[in-house]
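Asks: Coordinates only, no sequence provided:
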């Protein structure tokens, strides 16, 4: 079964906006065993929209058209789809009454053009929209000699997603052969994508019935696995089997096996160890703190810390001796250690984590080049330090340093 | 002139990846007076790709096809475009020699399938690719009775962008009527999009020759203006005239008129005032520091500060009296003031900026609901405090609080 997704809206043909609904729809369709073969983005012009629909209905079995269902002159999806298929629109009395009622409830007069939201393609079913005014439409029809499913969905993600989940998924399941999906995501920190792929390709390529995708972000490689089978247990068993092989190969490089972020995992371990952490960030300038505090409940394990950007603040807030900075430089193993020790003492946290480095693009030297970062972790008994030479621009060096720091903390707690 | 952009690659039809090149290409084409009418995304299947090209060549004047130019079996763009147009591919001797040379330089034997990267559509010009192996192609042809420009570009943005800029722009300028573009972006902080639009729509709609787009992000509204004229001075004059009217209306709500970010503007003002700032962040957890330190050179004006997440750290690093927290609560006007004063003193910065609030989703109460945020700014003589009740999820409350804090700092320095 092939699907085509048509996104309607002139704003999607500007340099500023992009369709993202189709990523959600693709994931859902793949889960049903349906492949998305084409995506088309078209503006609010009836001729263009009719052209796109006519083409799609011939090359795809399932056609999802999203956007253009509102009340304005630019909302032309209903008319264009009906005309492209050569069928009529009927004005639905119930929908029209509901629209009048909605305006009356706000003590407003409904502008005339709103009534077109009650227009329904002949023989299409109406998909209720509890989150907006424009209902969706579901048309199960025959074009040429082929059965075609044509679905009209509202453009706003907050309306489209619940409508697809509650109205379209059950209808699609009723039509399509039964498929059950198992999905897992494994995440690894601070390994190059090429190394992960070299190790794992011989494993996952043997699982031809599991669709495996490797995604790389700065300092993180994710392995997405999806298996679709007529029975859920079968699908789960295959994915779990692959996960077990991958875990055997990668061991503790895997920090997450249920999709959690690195900061969630770190906070989870801190909590079960009954430990707290404080940070002293120089080159990362608050990135580690920001990531940890993005998680609700982080205050149970993260006490805070210092952004030790200037030398004076390194001394004032994290007790680093002025002489040490003068002698060794602010970016040095010794200052990283002193920062970790200092912030731990000052805040009385169980663990002190410190980062100092040269994020660039300026500030580097032959002995201390851009990308040089020291990360220190003090547990009160001993201080461990990692030295890294990251490559990339300022943003990348900072992202990698914060990722490395969180991973160091995770390994300490494991 | 209408253009269609075709993005080729099965990975663009998964839930994980999205074409972003088309945003860049759209901006460039709009600058030449060309409208993008369709975007099509198609996988690595020759029949589908031929279908997409056949359709596009009939409905658009300019066709940009990107991706599928590499050496693998999945790279089918050359063959598919040639077959769709009914023309031949010729193997280019110079390109082939260059490929052999490139492999020889690495002392490697070139795999046979690489030679297809030397295949060029009959009568197409070769577009050199200094950043990769796959050259682009430029075909100026007639289909039916219409002149068509068909351009093949490599998929990686690091190859596509420079190739488009150096090879395609001059060729397009030579073909298209002369257009010169003036662009400006105005940015405003902490105003609702609806309020900005209500004030500005009566102004910008009168400038029918300037294309105006309003974009909204949490705590920031951007006004993008573009004018295309046969002479650059004309285009600039019109955009500048609109900018002047908008500035008159919005006054100091506008923080940037050349595209700078709010953090860049704050650092700029700090520097020309010879001032420094330190921050004490509670609910924002490092967001303000992270934003300021994302800018290279920020160390000249930003000294650092404290992430005062726990009450103990508020006392330990920012000198807030324990009794004050007990009496007024960590989220209070008084504690915000004490944090701003304390961090300024501790770091000896010119200005102390503090944020304390309830980011949610938990931790709220009837008197202090989720979204309540206090922001305090101490300049050594007086402390001003702003109280806000932001709506939205944790991420949004934190983003709005950091934006409000930076804007407060900007207004202080103006």
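Replies: Thanks, I have it. These numbers come from a predicted model, not from an experiment.

Asks: can we go C-alpha only for contacts and neighbour counts from here?
Replies: Noted.

Asks: And the residue of the stretch 101-250 of chain A that's closest to chain B?
Replies: Across the stretch 101-250 of chain A, the shortest distance to chain B (Cα to the nearest Cα) belongs to residue A:215, at 8.0 Å.

Asks: what's the burial count for that residue?
Replies: Look at residue A:215: counted by other Cα atoms under 10 Å in any protein chain shown, it has 14 neighbours.

Asks: how far does the helix or strand it falls within sit from the chain's center?
Replies: Here residue A:215, judged by DSSP states H and E, is contained in strand A:210-217. Strand A:210-217 has its C-alpha centroid displaced from the chain centroid by 14 Å (Cα atoms, centre = their mean, to the nearest Å).

Asks: how about the helix or strand following it: buried residues?
Replies: Using DSSP H and E, the next helix or strand after strand A:210-217 towards the C-terminus is strand A:220-229. By neighbour count, with 16 or more other Cα atoms under 10 Å in any protein chain shown as the criterion, the buried positions of strand A:220-229 are A:220, A:221, A:222, A:223, A:224, A:225, A:226, A:227, A:228, A:229.

Asks: Please identify the pairing partners of strand A:220-229 and their relative orientation?
Replies: Its sheet considered, strand A:220-229 pairs with strand A:180-189 (antiparallel), strand A:210-217 (antiparallel) by DSSP bridges.

Asks: And the last one, what's buried?
Replies: Of all the residues in strand A:210-217, those buried under the rule 16+ other Cα under 10 Å are A:210, A:212, A:213, A:214, A:216.

Asks: Run the angle between the strand or helix carrying residue A:52 and helix B:46-59 for me.
Replies: Residue A:52 is part of helix A:46-59 when elements are defined by DSSP H and E. Put simply, helix A:46-59 runs at 160 degrees to helix B:46-59, going by axes from the mean of the first three to the mean of the last three Cα atoms, to 10 degrees.

Asks: Would you tell me which residues of the stretch 301-414 of chain A are close to chain B?
Replies: A:302-310, A:312-313, A:316-317, A:346-347, A:360-362, A:394-395 (Cα under 8 Å from any Cα of the partner chain).

Asks: Of those, select the buried ones using a PyMOL command.
Replies: Remark: buried members of these, expressed as a PyMOL selection using 16+ other Cα under 10 Å:
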select buried, chain A and resi 302+303+304+305+306+307+308+309+310+312+313+316+317+346+347+360+361+394+395
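
Asks: Find me whatever residue is spatially closest to the residue of the stretch 101-250 of chain A closest to chain B, sequence neighbours aside.
Replies: residue A:222 (5.1 Å; Cα to Cα, 6 or more residues apart in numbering or on different chains).

Asks: any idea how far the nearest residue to residue A:276 once chain neighbours are set aside is from residue A:351?
Replies: Closest residue to residue A:276 apart from its sequence neighbours, by Cα to Cα, 6+ apart: residue A:301 at 4.5 Å. As for residue A:301, its distance to residue A:351 is 10 Å (criterion: Cα to Cα, to the nearest Å).

Asks: Kindly report the same for residue A:379.
Replies: Distance, residue A:379 to residue A:351, using Cα to Cα: 5 Å.

Asks: which one of those two has more residues nearby?
Replies: For the pair residue A:379 and residue A:351, the greater number of neighbours falls to residue A:351 (26 against 18), based on other Cα under 10 Å.

Asks: Please identify the helix or strand for the residue lying farthest from the centre of chain A.
Replies: In chain A, residue A:323 marks the outermost C-alpha relative to the chain mean, sitting 45.9 Å out by Cα atoms, centre = their mean. Assigned by DSSP H and E, residue A:323 belongs to helix A:322-328.

Asks: name the helices or strands packed onto that helix?
Replies: helix A:311-318, helix A:333-347 (3 or more Cα pairs under 8 Å, 6 or more residues apart in numbering or on different chains; DSSP states H and E).

Asks: Looking at the ones you listed, spot the one closest to residue B:85.
Replies: The minimum distance between residue B:85 and those falls on helix A:333-347, with 63.3 Å, by Cα to Cα.

Asks: re the thing from before, identify each buried residue in the helix holding residue A:323, please.
Replies: Buried residues in helix A:322-328 (16+ other Cα under 10 Å): A:322, A:325.

Asks: so how far is it from its chain's centroid?
Replies: 43 Å.

Asks: Stretch A:217-229 now?
Replies: 12 Å.

Asks: now what about it, what contacts it?
Replies: Residues from elsewhere that reach stretch A:217-229 (Cα atoms under 8 Å, 6 or more residues apart in numbering or on different chains): A:31-33, A:179-193, A:196, A:209-216, A:235-236, A:238-239, A:396, A:399-400, A:403-404.

Asks: which SS state does residue A:68 fall under?
Replies: coil (DSSP: H, G, I helix; E, B strand; the rest coil).

Asks: so what's the residue nearest to it when sequence neighbours are not counted up against?
Replies: Among residues not flanking residue A:68 along the chain, residue A:75 sits closest, at 4.1 Å (Cα to Cα, 6+ apart). Residues in contact with residue A:75 (Cα under 8 Å, 6+ apart) are A:44, A:67, A:68, A:69.

Asks: Chain B: which of those is nearest?
Replies: Each of the contacts of residue A:75 was checked against chain B using Cα to the nearest Cα; the closest is residue A:44, at 9.6 Å.

Asks: if I read this right, the residue nearest to residue A:276 contacts residue A:272, doesn't it?
Replies: No - with contacts defined as Cα atoms under 8 Å, residue A:301 does not count as touching residue A:272, sitting 9.9 Å away.

Asks: out of these two, which sits in the busier spot?
Replies: residue A:301 (24 against 10).

Asks: how far away is that one from residue B:393?
Replies: Applying Cα to Cα, the value for residue A:301 to residue B:393 is 21 Å.

Asks: possible to save the buried residues of strand A:220-229 as TSV with pLDDT?
Replies: Listed next are the buried residues of strand A:220-229 as TSV, based on pLDDT from 0 to 100:
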residue	pLDDT
A:220	96
A:221	95
A:222	94
A:223	94
A:224	92
A:225	94
A:226	91
A:227	92
A:228	88
A:229	90
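
Asks: Farthest pair within those residues?
Replies: Using Cα to Cα, the two most remote members of these are A:220 and A:229, lying 29.5 Å apart.

Asks: how deep is the spatially closest residue to residue A:17 that is not a sequence neighbour tucked in, by neighbour count?
Replies: Nearest residue to residue A:17 in three dimensions, chain neighbours excluded: residue A:11, at 6.3 Å (Cα to Cα, 6+ apart). If you count neighbours by other Cα under 10 Å, residue A:11 ends up with 15.

Asks: what are the phi and psi angles of residue A:11?
Replies: phi -60, psi -20 (degrees, to the nearest 10).

Asks: now swap in residue A:72 and tell me
Replies: phi -80, psi 170.

Asks: does it really touch residue A:113, like I thought?
Replies: Yes - between residue A:72 and residue A:113 there is a contact under Cα under 8 Å: 6.8 Å.

Asks: is chain B contacted by stretch A:155-165?
Replies: No - applying Cα under 8 Å from any Cα, one finds stretch A:155-165 separated from chain B by no less than 14.2 Å.
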